[in-house]
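Participant: Output the structure for:
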Amino acid sequence: MSEHDVVFRDVTVIDGTGGARRVGDLAVVGDRISTIGDRVEGRGAVEIDDADLTLFDAATIRDVGDFAKPVQAAAGVLHVWTNGVCVWRDGGSTGARPGRALRRR
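Facilitator: Prediction:
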């Protein structure tokens, strides 16, 4: 059995107090952050590194596409990181394209 629900490995932690950013691990149990540190001991049921990550508001996330406009960004998505680079922020693209196309063989 896992000690944590989710463990984020090697992420940049910004605590919101104005302190310096730091790189470390962050563990979540339920809907609460349980541990922040240089290395969180134990495993998570889900383990995520900082390469690809989506931060969303669980209360507001929803699909807003319809038949008239089927291709629209989901509401409630706050930030998206690809290969550790922010590609979506505050409802729009940042213009960054750190990924690469996968070609068929």
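
Participant: show me the contacts for Ile33.
Facilitator: Leu26, Ala27 (C-beta atoms under 8 Å, 6 or more residues apart in numbering). Yep, even glycine has a C-beta here, placed from its N, CA and C like the rest.

Participant: okay, and for this protein, where does confidence drop off?
Facilitator: Residue ranges of the chain with pLDDT under 70: 1, 15-16, 50-51, 102, 105.

Participant: State the distance from Gly37 to Arg62.
Facilitator: Computed as C-beta to C-beta, to the nearest Å, the Gly37 to Arg62 distance reads 34 Å.

Participant: Neighbour count for the two, which is higher?
Facilitator: Higher neighbour count among Gly37 and Arg62: Gly37, with 12 against 9, using other C-beta atoms under 10 Å.

Participant: State the distance from the closest residue to the more buried one other than its chain neighbours to Ile33.
Facilitator: Closest residue in space to Gly37, ignoring its immediate chain neighbours: Gly24 at 5.6 Å, by C-beta to C-beta, 6 or more residues apart in numbering. Distance from Gly24 to Ile33, counting by C-beta to C-beta: 12 Å.

Participant: Kindly report the same for Ile48.
Facilitator: For Ile48 relative to Ile33 (C-beta to C-beta), the value is 14 Å.

Participant: Repeat that for Gly76.
Facilitator: 20 Å.

Participant: following the strand ranked longest in the chain, which helix or strand shows up next?
Facilitator: Counting residues, the longest strand found in the chain (DSSP state E) is strand 4-13. The helix or strand immediately downstream of strand 4-13 is strand 22-29, counting by DSSP states H and E.
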